[in-house]
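# fold the following and give me the result.
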Amino acid sequence: MRFPQTFIDDLRRQADIVRVVQDYVPSLKKKGANWSACCPFHGEKTPSFSVNPAKEIFYCFGCKKGGSIFNFVMEIERLSFPEAVKVVAGKAGVSLPRMEGEQDARFQQKQKETDEVIKLNEWALEFWEEELFAKSAEAKAAREYVAGRGIMDETRAAFRLGLAPDSWDALTNHLKKRGASEAEIERSGLVVRKEKGGFYDRFRGRVIFPVLDVRGRPVAFGARTMQPGGEPKYLNSPETPAYTKGRHLYGLFQAREEIRRKKFVILVEGYLDALVPFQFGVKNAVASLGTSLTSEQVKLLGRFARKVVVNYDGDKAGIGAARRAIEMLVAEDFETKVLVLPDNADPDEFIKKHGVDEYGKRRGAAIPHIQFVLEQAMRDRNLTQAEDKKAAIKEVLPTLYAVRDPILLHEYFNHATDVLRADAKLRTELWEDIRVQRAAAKNPIAKQLQRETSFVEPTAPDLTVAEQQLLEMLAHDEDLRREILPQIEAKDYENLPTASVFTALKQMETESAPFDFARLRELTAGDFWISENFVPQLMMSEPQREEGEATDDLRAQAVKCLTAMRLIMVDKHLQTLAAEIAAAERAGENERLNKLVMERLEWTRRRNNLLLRTDATQYSLSHKSN
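Sure, this is the predicted structure:
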């Protein structure tokens, strides 16, 4: 989905960046024209994070993150740009624009159906919450079950537990009374169609565990039977326009702020494994809803933390699920640890039996994922036996295939082959196998994750100190722009990462328009990283000359930066010529060689002329910034 640029620009102006940032950074305080706080993106004790409402930007002088309100939401929530626009629009109370065309009409229809399902889910959940406190034997039994699982009233309310009465049509009748049509009710997945027509309530005689999305809306339900020996023990919602299996995490809505605060998440398997720890103060646990962890769930986790402790059950199925989860998490560069509790206990059982303090100690001692994978691979195997060693190595390889970072891959590979007692020949063969697998598949897990991400922010380019300092001076000084910009030619910056900024500045000067941040962003909009990251950083920098102060020193510094930029360009061209001369010599192309040598002499002359106008100090500006 793409939004019109006019809508994005209007939304940026209407949304209050200070209020939106304060939703995530409550400590944000006014300080002069800016608002400041400790940065939410990196640990620090002295505030270096700043928000400027007049310029509608944020910037951290510590970690260098910055940009518009959309960049902030993208970074803090780990969202794509279109998703961030939706969030900002919701916080600002601005309606999203109507879309046109066949594809957009389909989107509008899907969105309408999604909203309808969520509306009916909300009506159903309200009904079930009331039913849990009805004056009936069934409701009393349900309350006793909830209390028997150690769930207190406050926790029950936070997770919105309810009771679906043992009736074929109680919910259906309730939804009809609220105004829902039969088509809407059937589309919601809350009922099951009969073979002979009509339908009946899907959930009957069960305690309801609602699955809430990150905005707190009920998108699906899990239901636990109240009948002894009843099957299935848990019954789940089918897929609907509002719910796709493997795209949500149970308890995330309740846990998200604690996850952000602690900067890590505990990944568990079942409803009670997330709910009971929450009740005892472990409020950063989420459940993967009884399925193998999916790429969508990994992306969702990445919006809130980059560190995960996997605490699945210790039985055979749980261990297998943990290994698969590790592969998904490692492929997305999560720092992953594993906690296996004694006696194959799940978190719910362990905390009730041993207490939350003991659980905290065990969690703090969680082992790195590679250690867990190796321990499981070696369990019940004798590495002196060839077949056992082969089986252990085969079990470890999928985890190594998933690692994207080459440094970490080398470290894990060396550790694994040491532990598995692989000799030099076997190490060489295994490394070649990993290299071939990665080259052929390009890490399929990571590739799948990348394909499913609707927006990937470009990597920050390498900027030179010279271009950065020159642009900071030009951005804040009208007199300097009038003097220096005419001296700058396209060839001076056309191959630089900041070329779009120089082009925009020259265009604005040609238009004789007053310098304006919004206009600069507009003119550089085609270069996403520059427009959304570097331009805000540029505007948050301080002017280097007081109003009325002479421009002599600043002009001299600007000329030094420009000369340094030109030296960079000349040096790069000389390097290219050197390579071409060497190639011509090897090929025996004498005529071409003579032309290249003469061209090199000309460029060397240019370099020497530039050096006459500079000194060692100015030339040091050509070194790349950190």
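# low-confidence regions, the stretch 101-250 of the chain specifically.
101-105, 107 (pLDDT under 70).
# in it, which spans are strands?
Assigned by DSSP state E, counting those that start in this stretch, the stretch 101-250 of the chain shows strands spanning 162-164, 191-193, 199-201, 206-212, 218-225, 234-236.
# in a markdown table, list those strands along with distance to Gly62 and mean neighbour count.
C-beta: built from backbone N, CA, C; applies to glycine. Below are these laid out as a markdown table (distance: least, Cβ to Cβ, whole Å; neighbours: other Cβ atoms under 10 Å):
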| stretch | distance to Gly62 | mean neighbour count |
| --- | --- | --- |
| strand 162-164 | 46 | 27 |
| strand 191-193 | 54 | 14 |
| strand 199-201 | 55 | 18 |
| strand 206-212 | 34 | 24 |
| strand 218-225 | 38 | 22 |
| strand 234-236 | 45 | 17 |
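# closest one to Asp357 among those strands?
strand 206-212 (27.0 Å; Cβ to Cβ).
# and for the closest one, what are the contacting residues?
With Cβ atoms under 8 Å, 6 or more residues apart in numbering as the test, strand 206-212 has contacts from 121, 125, 128, 132, 142, 145-146, 159-164, 218-226, 235, 237, 243, 248, 250, 252-254, 271, 275, 289.
# adjacent strands (with direction) for it?
Strand pairing for strand 206-212, determined by DSSP bridges: strand 162-164 (antiparallel), strand 218-225 (antiparallel).
# show me what the shortest one is in contact with.
In this case it means strand 162-164. Residues outside strand 162-164 that contact it (Cβ under 8 Å, 6+ apart) are 125, 127-132, 134, 138-139, 142, 170-171, 201, 203-208, 210, 223.
# quick one: end-to-end distance for stretch 48-63.
This stretch, stretch 48-63, spans 9 Å end to end (Cα to Cα, to the nearest Å).
# right, and the strands paired with strand 206-212 - which one's nearest Lys31?
Proximity to Lys31 (Cβ to Cβ) singles out strand 218-225 among those, at 40.8 Å.
# from the middle of its chain, how far away would the closest one be?
27 Å (Cα atoms, centre = their mean, to the nearest Å).
# kindly report the same for stretch 186-204.
38 Å.
# only alpha carbons, please: show it as PDB.
Extracted in PDB, the C-alpha atoms of stretch 186-204 (Å, rounded to 0.1, in the frame of the first residue of the first chain):
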ATOM      1  CA  GLU A 186     -20.100 -16.600   9.400                       C
ATOM      2  CA  ARG A 187     -17.100 -14.600   8.100                       C
ATOM      3  CA  SER A 188     -15.900 -14.000  11.700                       C
ATOM      4  CA  GLY A 189     -15.100 -17.700  12.300                       C
ATOM      5  CA  LEU A 190     -17.100 -17.600  15.600                       C
ATOM      6  CA  VAL A 191     -19.500 -20.100  14.200                       C
ATOM      7  CA  VAL A 192     -19.400 -23.400  12.300                       C
ATOM      8  CA  ARG A 193     -21.700 -23.900   9.300                       C
ATOM      9  CA  LYS A 194     -24.000 -27.000   9.500                       C
ATOM     10  CA  GLU A 195     -24.300 -29.400   6.600                       C
ATOM     11  CA  LYS A 196     -28.000 -28.800   6.300                       C
ATOM     12  CA  GLY A 197     -27.800 -25.100   6.500                       C
ATOM     13  CA  GLY A 198     -27.400 -22.600   9.300                       C
ATOM     14  CA  PHE A 199     -24.600 -22.600  11.800                       C
ATOM     15  CA  TYR A 200     -23.800 -23.100  15.500                       C
ATOM     16  CA  ASP A 201     -21.400 -21.500  18.000                       C
ATOM     17  CA  ARG A 202     -17.800 -22.700  17.500                       C
ATOM     18  CA  PHE A 203     -16.800 -22.300  21.200                       C
ATOM     19  CA  ARG A 204     -19.100 -24.000  23.800                       C
END
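# need the contact partners of it.
Residues contacting stretch 186-204 (Cβ under 8 Å, 6+ apart): 113, 116-117, 120-121, 124, 164-172, 175, 180, 182, 185, 220-221, 223, 235, 237-241, 243.
# select only the buried ones of those residues in PyMOL?
Filtering the contacts of stretch 186-204 down to the buried ones (16 or more other Cβ atoms under 10 Å) takes a single PyMOL command:
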select buried, resi 113+116+117+120+121+124+164+165+170+171+172+175+180+185+220+221+223+235+237+240+241+243
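# narrow the contacts of stretch 186-204 to those in helices?
The members of these that map onto helices under DSSP state H are 113, 116-117, 120-121, 124, 170-172, 175, 182, 185.
# max pairwise distance over those residues: which two?
The span of the ones in helices among the contacts of stretch 186-204, defined through Cβ to Cβ, is set by Glu113 and Ala170 at 24.5 Å.
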